[in-house]
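Q: Okay, sequence plus prediction incoming.
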Amino acid sequence: TSLLNCSYYYDMKHCCYKHDSSVMARMQKKFWKTKQVLIKATGKKEDEYVVASDADLDAKLEFFRSVQSTCTELLKVIEKYQHRISRLSQEENELGLFLRFQADHDRTKAGNMMDATSKALCTSAKQRMALCPPLHRLHQEVETFRRRAIADTLLTVSRMEKSRTEYRGALLWMKDISQELDPDTYKQLEKFRKVQAQVRGTKSQFEKLKNDVCQKVDMLGASRCNMLSHSLCTYQRRWLNSVGEWLNCCCSFDRDC
């Protein structure tokens, strides 16, 4: 019985020791991760070689942020443009109707001028309003692109940034241990190997997400080009047609006058 009790006590003590070591390792991992977050938040200078190794990734991220911000700005501009087109067309049409009403009661040359001007204004208002459907379509496509493509890429970027923080935190941890490492001390060497394995694991995960981000950003840029080429070509054709109609209206106005 005493032997069984001793064996049980040894097993419990060994389990508690492993548990304590595991808890300590998790705490140390969180400590170095938090330290890396603080370094980034405060703008403190990081290891130049580590930063340089991510230069291609940072260039992709800069391009992604540009796409993200310009899409948001484009949506705002389209909304303002549509609103102002509608208001201007409404004012033009009302002025044209007013001049037409006055022309009906004036049989002089001035009446002819008002009638011709009213036709030009009403035609211009009609052609201007014809720009709204392609603009509305452009707004829908940009909004869909922002909500789906950009949001999906942003999610991958967020996961990558989290993984990069963990990887760089592990590098800080390994650097700290290596400065006090004594190769003749087994415990220190074993601890260094565990941290080294932690660095390898976080690096592998970070590299995978890094490649995913780079690929998605490239696809995002290509998708944006295709979307804008299609949508803006439709708007451009409609605009050129409107300009042609407006020029015909001006020629007709000259003849009537």
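A: Cool, got the structure.
Q: how many neighbours does Y49 have?
A: When neighbours are counted by other Cβ atoms under 10 Å, Y49 registers 7. All C-beta spots, glycine's among them, are computed from the backbone N, C-alpha and C.
Q: any idea of the mean pLDDT for the helix or strand where it lies?
A: Per DSSP states H and E: Y49 is located in helix 48-53. Averaging pLDDT along helix 48-53 gives 74.
Q: all helices in the chain, in order from the N-terminus.
A: 2-42, 48-53, 55-104, 109-129, 132-144, 151-179, 186-256 (DSSP state H).
Q: Tell me how far G111 lies from H105.
A: 8 Å (Cβ to Cβ, to the nearest Å).
Q: who's more crowded, the two?
A: G111 (15 against 8).
Q: Tell me if I'm right that that one and F101 touch.
A: No: using Cβ atoms under 8 Å as the test, G111 is too far from F101 to be in contact (11.0 Å).
Q: and the residue most central in space within the chain, what pLDDT?
A: In the chain, the residue lying closest to the centroid (Cα atoms, centre = their mean) is Q68, at 3.2 Å. On pLDDT, Q68 comes in at 94.
Q: and what of M24?
A: For M24, the pLDDT comes out at 61.
Q: try E94
A: As predicted, E94 sits at a pLDDT of 90.
Q: do the same with the one 3 residues further on
A: L97 carries a pLDDT value of 89.
Q: now do K13
A: Value for K13, per-residue pLDDT: 43.
Q: could we number from 16 for the rest of this?
A: Fine by me, first position is 16 from now on; the one you just mentioned is K28.
Q: From what I see, V214 and A185 are in contact.
A: Yes: if you go by Cβ under 8 Å, V214 and A185 touch, sitting 4.5 Å apart.
Q: out of these two, which sits in the busier spot?
A: Using other Cβ under 10 Å as the criterion, V214 and A185 rank with A185 on top: 24 against 20.
Q: Report the separation between the more buried one and L112.
A: 74 Å.
Q: Equivalent analysis for L187, please.
A: 74 Å.
Q: who has more neighbours, those two?
A: Neighbour count, other Cβ under 10 Å: between L187 and L112, L187 has more, with 19 against 14.
Q: Report pLDDT for T87.
A: T87 is given a pLDDT of 93.
Q: ok, the residue nearest to the centre of the chain - contacts?
A: Neighbour list for Q83: 161, 165, 169 [criterion: Cβ atoms under 8 Å, 6 or more residues apart in numbering].
Q: Between the residues you listed, which sits nearest N256?
A: Comparing these against N256 with Cβ to Cβ places R161 closest, at 28.8 Å.
Q: Nearest residue to the closest one in space, please, no chain neighbours.
A: C86 (4.9 Å; Cβ to Cβ, 6 or more residues apart in numbering).
Q: what number of residues lie near the one you found?
A: Residues lying near C86 (other Cβ under 10 Å) number 18.
Q: I'd say it and R163 touch.
A: No: in this structure, C86 is not within contact of R163 by Cβ under 8 Å, at 11.6 Å.
Q: V82: neighbouring residues, count only.
A: 19.
Q: Was I right to think it contacts L235?
A: Yes: contact criterion Cβ under 8 Å: V82 and L235 qualify, at 6.1 Å.
Q: Quick check: neighbours shared by the two?
A: I165.
Q: okay, and for the protein, where does confidence drop off?
A: 16-40, 42-48, 50-54, 57-62, 65, 193-204, 260-272 (pLDDT under 70).
Q: May I have the phi/psi pair for R122?
A: Taking degrees, to the nearest 10, you get phi -100, psi 10 for the backbone angles of R122.
Q: what about it, distance to D130?
A: Per Cβ to Cβ, R122 is found 10 Å from D130.
Q: what's the answer for L186, then?
A: For L186 relative to D130 (Cβ to Cβ), the value is 80 Å.
Q: Tell me which of the two has more neighbours.
A: With neighbours defined as other Cβ under 10 Å, L186 and D130 compare such that L186 has more, 20 against 17.
Q: any idea how far that one is from V66?
A: 12 Å.
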